[in-house]
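Q: The following comprises the amino acid sequence and a computationally predicted model.
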Amino acid sequence: MTPREIVDEMMRLDAFSRWLGISVDTIDKGSCELSCVVNAEMLNGHQIAHGGITYSLSDSALAFASNAHGYKAVSIETSISHIYSVKENDRLRAVCEESYRGKSIGIYWVSVFNQDDVLVSRFKGTVHISENRWE
């Protein structure tokens, strides 16, 4: 399967990423760019985006980039730094880059930017790469 076919299948099965309104703008082995628009349902009590929104967008980017090689991969450790607040109607762009890929472990960094290209969060994810292929 191509990276695009793998991600299309993952999105078909991933109701949460669809709920977020994620668009897969680019996909390749080990990298991707996703985007979504923050709506009122995504806000917390401070009327800014819940931290789970940029986290979830980053987690989806990690999943798509790491699985695009053709082997099924799942996260085993993640962390995020929230750098700048996100507001309703902000358009977020997540850029995921692979920094290391071994036989069973991969490490990825995701930077999330708003529509003004301001860095709003930085996410690091480690995945376990299985021997099971996407077919």
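A: Nice, I can see it.

Q: tell me the mean pLDDT for the longest strand anywhere in the chain?
A: Longest strand in the chain, counting residues (DSSP state E): strand 119-133. What strand 119-133 shows for mean pLDDT is 98.

Q: which residues are contacting it?
A: With contact meaning C-beta atoms under 8 Å, 6 or more residues apart in numbering, strand 119-133 is reached by 54-55, 58-59, 61-62, 66, 69-86, 92, 101-114. Bear in mind the C-beta positions are built from the backbone N, C-alpha and C, glycine included.

Q: Among these, name the buried ones.
A: The neighbour-count test (16 or more other C-beta atoms under 10 Å) marks 54-55, 58-59, 61-62, 66, 69-73, 78, 80, 82, 86, 92, 101, 106-114 as buried among the contacts of strand 119-133.

Q: So which of the residues you listed are in helices?
A: T54, Y55, S58, D59, A61, L62, S66 (DSSP state H).

Q: could I get the residues you listed as JSON lines with distance to T26 and pLDDT?
A: Shown next, in JSON lines, are these (distance: C-beta to C-beta, whole Å; pLDDT from 0 to 100):
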{"residue": "T54", "distance to T26": "19", "pLDDT": "98"}
{"residue": "Y55", "distance to T26": "21", "pLDDT": "98"}
{"residue": "S58", "distance to T26": "16", "pLDDT": "98"}
{"residue": "D59", "distance to T26": "18", "pLDDT": "98"}
{"residue": "A61", "distance to T26": "11", "pLDDT": "98"}
{"residue": "L62", "distance to T26": "15", "pLDDT": "98"}
{"residue": "S66", "distance to T26": "15", "pLDDT": "98"}
